[in-house]
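**Q** Compute the structure for the input listed below.
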Amino acid sequence: MQNSVDNTIFNSIRPLFWDLYNTLSNIFQNVSILAESSNGRNYRHSKSGTTINDNMFTSTGAVIRFSVKGHNDLMEYSFNDFSREYMETIPSILIKHAAADSRTDQRYTNRFEENNTASILQTADSGQLASAAPDSIYSEERLSFNRSTEFEINPADLSDKDILDSLKSLYQKALDHDGRILDCVCMFQYLTTHKMFISADKDLQQHLLWSNGILQPLAGTSDKKRYYLQTFSLSGGAELLEQMNSNIAYACSCAVDLLDSVVPTPGTYDVICMPDVTGLIAHEAFGHGVEMDMFVKDRALARTYMGQPVASPIVTMHDNALNCMECGSYFFDDEGTLSRDTTIIEKGILKCGISDLLSAARLKTSPTGNGRRESYERKAYARMTNTYFEKGTDRLEDMIASIENGILLENAASGMEDPKNWGIQCMVNLGREIKNGKLTGKIFSPVCLSGYVPDLLKSISMVSRDLQINGCGCCGKGYKEWVKVSDGGPAIKAVVTIS
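**A** Model prediction:
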C-alpha cells in the first residue's frame, strides 16, 4: 500500500515565517525564505562490525535571500533558531549588516556568526549575476501547493534492530553463496526531507523520502581479492530491502567471476555500456558540462555549442527532477523554481543547459529549476538532478551480436570530466569480452575508458529499449557542495579508447 510522506511538519511554524517574510518585504526587495528539516539514518553491517549514523544530509534551518533597495547584490542570511523571540530579531540584524556591507561594497562571500545559530553572506559574484535580473524577479500571482512523495514502508517506523537484522541476513546469504566470499558490506540509508519556500509569488511545501542500499561482496583466494558493488535506490522507503534481498546472488557471482579477471589490452574497442556505465557517461560528459553557472564563468565548452550536433542522432539526454521519481527528484528547487524535465540533447543536438536562478538571469534564459544547496547554510549552485539518456529501440542481445571484437562494460566505479576541454575518463570494475557476437566468459578488470566527449557520443550506434536509473551516489561541485543525484539510461553501443 502506498503512503504519503507527512506534510504537516511546518504547520505550527509557518505563520512565524510568513510574519518574518512580510516584515522583511517592507524593508528589502527580492525577499525569499527557504526552510528545511531533513533527517535520516545510515546502517552498515560487515565482517568488521555494525555502525549506525545520521545521514550526511540531516539538517534543520532556514536561509533568507534578499537585496537592499536600490542595489542589485543579493545577500543571504541563514539561521536554525525557529523561536518567535529569535525570528523577531532578524530584521534588525539584516538591516545592520546589510548597511555595513553596503558601506564597504563587499563583492565576495562574507560570513559571520550570531550566537552560533546564524550566518549572513553576500553571494559570490552576485553583483554580476543579479545585474541582469529585474527588481520584479517574482511575479504578482502567487503559486501555492503542499506535495509529498509516496512510500510503502517508512524506515523511520522500523527499529534499528529491524533494519540491522535485514542487513545481517543479507550478509549471511553472501557468505553462504560461495566459499570464496570473504566478506560483504551491506548498507541501507534513507533521508526524509521537508522544505518550505516563501516569496512574493510562491507558497510551496514539499516532503520527500528516498532510500539507498549497497551490497559489496568481497571474494578472495590466496593470491587475489576482488569486490563487486551492487547499488539500489528509489524514491520511497524500506521496501528497498526486499529488492536488495532478491539481487544478492548476482552481486556475489560477479565478485567471484572477478577473481579470474585480467587487465584488457589497451586500444580502441566497440563496447556495450550497461545502464550504470551509461549513467556515469551522462553525468560526466554532459552533466557537469552544461551546468550554466560554468557558462557564466567561461569554464564550459558547451556554451559555444548550443544548437550544434554533439552526439549521434539516436541520442537524447534529459535532466529530469519532475517526473523521474528517483533520489534526485523534487517539486521545486532551493530557489523556489518549479522542477522540470530539461532536454539537454535532442536527437544529437545540444539544446539546453541546466541553471540556477542567478546564472539564468545573467545569461537571460529561463531558470530550469536546478538551483540546489548542500544545506540551508550553503550557497545554491546549478546542479544535476536525475540525468540520463533516453531509451531506444534495440534489443541487448542484438547489440551483443553486432560486435565482432569488443567488451560489455558494467559496474561503474568512478569518473572525471573536463567541461573546459570536453575530456572524459571513466573507471569500470567489470568488462565481459565479446567475440564474434557472443560473450566468451573472459573477464577484464579494471577497465578505464576515455576520450573526447563529442567523439564518444557521436559513435553511439545502438540504444537499448530498457531504461534503468540509479541514485545511490552524491555529486560534488568540484570537491565540495554535495547534493543527491541519480543517473542512468539504456545500454548503449559505442566506440571508446580503453587504457
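**Q** dump the residue contacts of R44.
**A** T50, T51, I52, L167, V185, C186, M187 (Cβ atoms under 8 Å, 6 or more residues apart in numbering). Using the backbone N, CA and C atoms, a C-beta is placed for each residue, glycine as well.
**Q** Show me what counts as buried in the strand or helix carrying it.
**A** Counting by DSSP states H and E, the element that carries R44 is strand 29-46. By neighbour count on 16 or more other Cβ atoms under 10 Å, the buried set for strand 29-46 is 29-46.
**Q** quick one: the strands in the stretch 1-150 of the chain?
**A** 3-4, 29-46, 49-54, 59-67, 74-79, 113-114, 118-122, 143-148, 150-151 (DSSP state E, counting those that start in this stretch).
**Q** strands paired with the longest one, and their directions?
**A** Meaning strand 29-46. According to DSSP bridges, strand 29-46 forms sheet pairs with strand 49-54 (antiparallel), strand 59-67 (antiparallel), strand 181-199 (antiparallel).
**Q** Adding mean neighbour count, distance to I248 and mean pLDDT, write those strands out as CSV.
**A** As requested, the strands paired with strand 29-46 are exported to CSV (neighbours: other Cβ atoms under 10 Å; distance: least, Cβ to Cβ, whole Å; pLDDT from 0 to 100):
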stretch, mean neighbour count, distance to I248, mean pLDDT
strand 49-54, 12, 18, 98
strand 59-67, 22, 33, 97
strand 181-199, 22, 8, 98
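**Q** need those strands in a markdown table with distance to G213, can you?
**A** What follows is the strands paired with strand 29-46, written out as a markdown table (distance: least, Cβ to Cβ, whole Å):
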| stretch | distance to G213 |
| --- | --- |
| strand 49-54 | 15 |
| strand 59-67 | 23 |
| strand 181-199 | 5 |
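**Q** With respect to V277, which of the ones you listed lies nearest?
**A** Of all those, strand 181-199 sits nearest to V277, with 21.4 Å by Cβ to Cβ.
**Q** where are the low-confidence patches of the stretch 1-150 of the chain?
**A** The stretch 1-150 of the chain contains residues with pLDDT under 70 at 101-140.
**Q** quick one: V185 and Q230 touch, right?
**A** No - the pair V185 and Q230 does not pass the contact test of Cβ atoms under 8 Å, sitting 10.4 Å apart.
**Q** overlap in contacts of the two?
**A** I214, L215, Q216.
**Q** okay, now S159: neighbour count?
**A** Residues within reach of S159, counting by other Cβ atoms under 10 Å, total 8.
**Q** Can you tell me how far it is from G220?
**A** S159 sits 34 Å away from G220, going by Cβ to Cβ, to the nearest Å.
**Q** can you check T60 too?
**A** Distance, T60 to G220, by Cβ to Cβ: 44 Å.
**Q** what about the helices in this protein?
**A** 14-25, 84-87, 90-104, 126-129, 160-177, 240-257, 275-286, 293-296, 357-363, 396-401, 453-458 (DSSP state H).
**Q** Packing partners of the second one?
**A** Under the contact definition 3 or more Cβ pairs under 8 Å, 6 or more residues apart in numbering; DSSP states H and E, helix 84-87 sits against helix 14-25.
**Q** isn't N323 right up against F331?
**A** No - contact criterion Cβ under 8 Å: N323 and F331 do not qualify, at 10.6 Å.
**Q** ok, these two, which is more surrounded?
**A** In this view N323 and F331 are compared by other Cβ under 10 Å, and F331 has more residues nearby, 21 against 10.
**Q** what's near enough to touch the spatially closest residue to that one that is not a sequence neighbour?
**A** Of all residues not flanking F331 in the chain, Q206 sits nearest, at 4.4 Å (Cβ to Cβ, 6 or more residues apart in numbering). If a contact means Cβ under 8 Å, 6+ apart, then Q206 has N146, R147, S148, T193, H194, K195, Y330, F331, F332 as its contacts.
**Q** ok, Q206 to F332 distance?
**A** 6 Å.
**Q** Mutual contacts of the two, please.
**A** Contact criterion Cβ under 8 Å, 6+ apart; residues shared by Q206 and F332: K195.
**Q** Any idea what the closest residue to M306 other than its chain neighbours is bridged to?
**A** Distance criterion Cβ to Cβ, 6+ apart; nearest residue to M306, sequence neighbours excluded, is L350 at 5.6 Å. Beta bridges link L350 to I345, judged by DSSP bridges.
**Q** give the contact list for L350.
**A** By Cβ under 8 Å, 6+ apart, the contact set of L350 is F286, V290, A302, Y305, M306, G307, Q308, P309, V310, A311, I344.
**Q** Please look at G287 and Y388 and confirm they touch.
**A** No - counting by Cβ under 8 Å, G287 sits too far from Y388 to count as a contact (9.8 Å).
**Q** hey, what's in contact with both of these two?
**A** Shared contacts of G287 and Y388 (Cβ under 8 Å, 6+ apart): D487.
**Q** Quick check, M462 in contact with V495.
**A** No - using Cβ under 8 Å, M462 is not in contact with V495, being 11.5 Å away.
**Q** out of the shared contacts of V185 and Q230, which are buried?
**A** Buried members of those, counted by 16+ other Cβ under 10 Å: I214, L215, Q216.
**Q** quick one: contacts for L259?
**A** R180, A219, G220, T221, K224, R226.
**Q** hmm, try it at 10 Å
**A** L259 makes contacts with R180, A219, G220, T221, D223, K224, K225, R226, I443, S445, as judged by Cβ atoms under 10 Å, 6 or more residues apart in numbering.
**Q** Closest one of the residues you listed to L258?
**A** Nearest to L258, judged by Cβ to Cβ, of these is R226 at 3.6 Å.
**Q** Show the pLDDT at the closest one.
**A** On the pLDDT scale, R226 is placed at 97.
**Q** Surely it and P217 touch.
**A** Yes - using Cβ atoms under 10 Å, R226 makes contact with P217 at a distance of 9.4 Å.
**Q** Could you pull out the residues contacting both of the two?
**A** Taking Cβ under 10 Å, 6+ apart as the criterion, R226 and P217 both touch R180, C254, A255, V256, L258.
**Q** Among those residues, which one has the most neighbours?
**A** Within those, most neighbours by other Cβ under 10 Å means A255, with 31 neighbours.
**Q** hang on, isn't Y227 packed against I214?
**A** No - assessed by Cβ under 10 Å, Y227 is found out of contact with I214, at 11.1 Å.
**Q** could the contacts of L350 go into a markdown table alongside neighbour count and distance to K477?
**A** As requested, the contacts of L350 are exported to a markdown table (neighbours: other Cβ atoms under 10 Å; distance: Cβ to Cβ, whole Å):
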| residue | neighbour count | distance to K477 |
| --- | --- | --- |
| F286 | 31 | 16 |
| V290 | 31 | 14 |
| A302 | 24 | 16 |
| Y305 | 16 | 22 |
| M306 | 14 | 22 |
| G307 | 8 | 26 |
| Q308 | 11 | 26 |
| P309 | 16 | 28 |
| V310 | 24 | 23 |
| A311 | 25 | 24 |
| I344 | 26 | 18 |
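**Q** Just give me the closest of the residues you listed to V428.
**A** F286 (18.7 Å).
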